[in-house]
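Chemist: Output the structure for:
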Amino acid sequence: MTIITRYIEQLHLDDIAVDMLSKAVSLLLLLLVFFIGKKVLSHILNQTIAKSLSFIRQNKARQETIVKLANNIMNYGLYFLLLYWVLTILGIPISSLLAGAGLAGLAIGLGAQGFLSDVVNGFFILLENQYDVGDSVEIGSVAGNVTSLGIRTTQVRGFDGTLYFIPNREILVVSNKSRGNMRAQIDIPIYAQTPLEKVADIIESVNKEQLQNYPEITDNPLILGLQTNQAGQLVYRINIFVQNGEQNRIYSVFYSLYQEALIANGIQLPTLNTFKAPSLSR
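Modeler: Numbers count the residues shown, from 1 in each chain. Model prediction:
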């Protein structure tokens with residue numbers, strides 16, 4: 001017991017307790033100042049960038065993209081400083097830690113290489129204006145709307161609601177569906193015996209009646225006529241060019257209008273599972 005008592009006395013528990021309490025208070029104050037300062041800096045940054053971009057007449061999507069990227073860069077810098085201050089308060093010698101990292105230093109170096117690739121590719125994506133927040137894009141096998149362009153990753157919200165995080169260095173080919181007019185290609189299946197001239201007249205009549213109700217259609221529909229689709233089925237094809245983002249809705253609306261008008265005028269249309277033409281006997 002005497003040995004244990006002497007060992008405890010040599011530990012100077014009072015001093016250790018005071019030191020731990022002091023570090024705990026310092027950490028709490030640091031975190032409080034950090035999060036308050038982060039909110040203040042974020043507000044100032046957003047206001048400054050918004051006013052600066054308004055002078056150079058950037059569109060809203062471009063402004064939102066740059067603001068989110070600037071916030072992303074600021075957050076990386078602030079959290080790096082926070083980690084440095086926490087280690088300093090805890091008394092961990094950062095220089096010695098980095099110098100003696102060994103294999104950990106190699107791993108950090110490899111990670112930094114990937115991080116640098118993400119940053120460089122993200123910079124060129126922003127510089128070349130490949131896409132903005134809100135754009136409908138297809139990146140590899142991922143399709144959806146861009147929700148954020150960060151310094152390291154791009155976030156895309158899929159059409160089913162899934163949120164994808166794509167490292168910028170993995171982005172090689174981008175299909176942007178929000179730049180310029182888009183095509184709604186309507187293929188109406190028909191029989192070989194279908195009177196094509198009558199079909200054309202009906203399609204023209206629908207277009208003449210309905211186009212004025214859809215200002216998002218940018219040009220007169222292009223009637224390509226008889227075609228074959230990938231399955232080898234005969235179809236009557238119409239291309240309608242619309243403002244980006246409207247192609248799916250216009251496709252659905254005009255497919256229904258064409259189909260209803262054709263059936264109402266006595267044109268029989270096959271279904272996907274119909275392989276035999278109807279009898280033409282009266």
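Chemist: So D160 lies in a strand, does it not?
Modeler: No. Checked against DSSP: H, G, I helix; E, B strand; the rest coil, D160 lies outside a strand; its state is coil.
Chemist: Look through this protein and tell me its longest helix.
Modeler: If you go by DSSP state H, the chain has its longest helix at helix 13-55.
Chemist: for the record, mean pLDDT for that helix?
Modeler: When pLDDT is averaged over helix 13-55, the result is 78.
Chemist: Please identify the buried residues of whichever helix or strand comes after that helix?
Modeler: Following helix 13-55 in sequence order, the next helix or strand is helix 60-89 (DSSP states H and E). Using 16 or more other C-beta atoms under 10 Å as the test for burial, helix 60-89 gives 62-73, 78, 85-86, 89. To be clear about C-beta, it is placed using only N, CA and C from the backbone, and glycine gets the same treatment.
Chemist: Just the closest of the residues you listed to K38, please.
Modeler: Proximity of those to K38, judged by C-beta to C-beta, is greatest for L78, which lies at 5.8 Å.
Chemist: Tell me if I'm right that the closest one and I36 touch.
Modeler: No. L78 lies out of contact with I36 (C-beta atoms under 8 Å); the separation is 11.9 Å.
Chemist: now stretch 137-151, how far from the centre of its chain.
Modeler: Computed by C-alpha atoms, centre = their mean, to the nearest Å, the chain-centroid distance of stretch 137-151 equals 3 Å.
Chemist: who touches that stretch?
Modeler: 65, 68-69, 72-73, 76, 118-119, 122, 125-126, 131-136, 154-159, 162-164, 166, 168, 170-178 (C-beta atoms under 8 Å, 6 or more residues apart in numbering).
Chemist: What about those residues, which are in helices?
Modeler: Those of the contacts of stretch 137-151 lying in helices (DSSP H): T65, K68, L69, N72, I73, Y76, D118, V119, G122, I125, L126.
Chemist: Could you report the distance from Q243 to R152?
Modeler: Look at Q243 and R152: by C-beta to C-beta, to the nearest Å, they are 33 Å apart.
Chemist: Between the two, tell me which one has more neighbours.
Modeler: R152 (19 against 15; other C-beta atoms under 10 Å).
Chemist: Which pLDDT does the model give that one?
Modeler: As predicted, R152 sits at a pLDDT of 85.
Chemist: contacting residues around the nearest residue to it once chain neighbours are set aside?
Modeler: Spatial nearest neighbour of R152, excluding adjacent residues (C-beta to C-beta, 6 or more residues apart in numbering): D118 at 4.3 Å. Taking C-beta under 8 Å, 6+ apart, we find D118 in contact with I151, R152, T153, P167, N168, R169.
Chemist: Just give the number of residues close to I151.
Modeler: The tally of other residues near I151 (other C-beta under 10 Å) stands at 19.
Chemist: ok, L172 - contacts?
Modeler: G140.
Chemist: I73 now?
Modeler: I151.
Chemist: how close does it sit to I89?
Modeler: 25 Å.
Chemist: Same check on L21?
Modeler: 13 Å.
Chemist: Please apply the same query to N75.
Modeler: 21 Å.
Chemist: Check Q247 too.
Modeler: From Q247 to I89 the distance is 57 Å (C-beta to C-beta).
Chemist: For stretch 194-211, buried residues please.
Modeler: T194, V199, I202, I203, V206, N207, Q210.
Chemist: Give me the three-state assignment for R237.
Modeler: Per three-state DSSP, R237 ends up strand.
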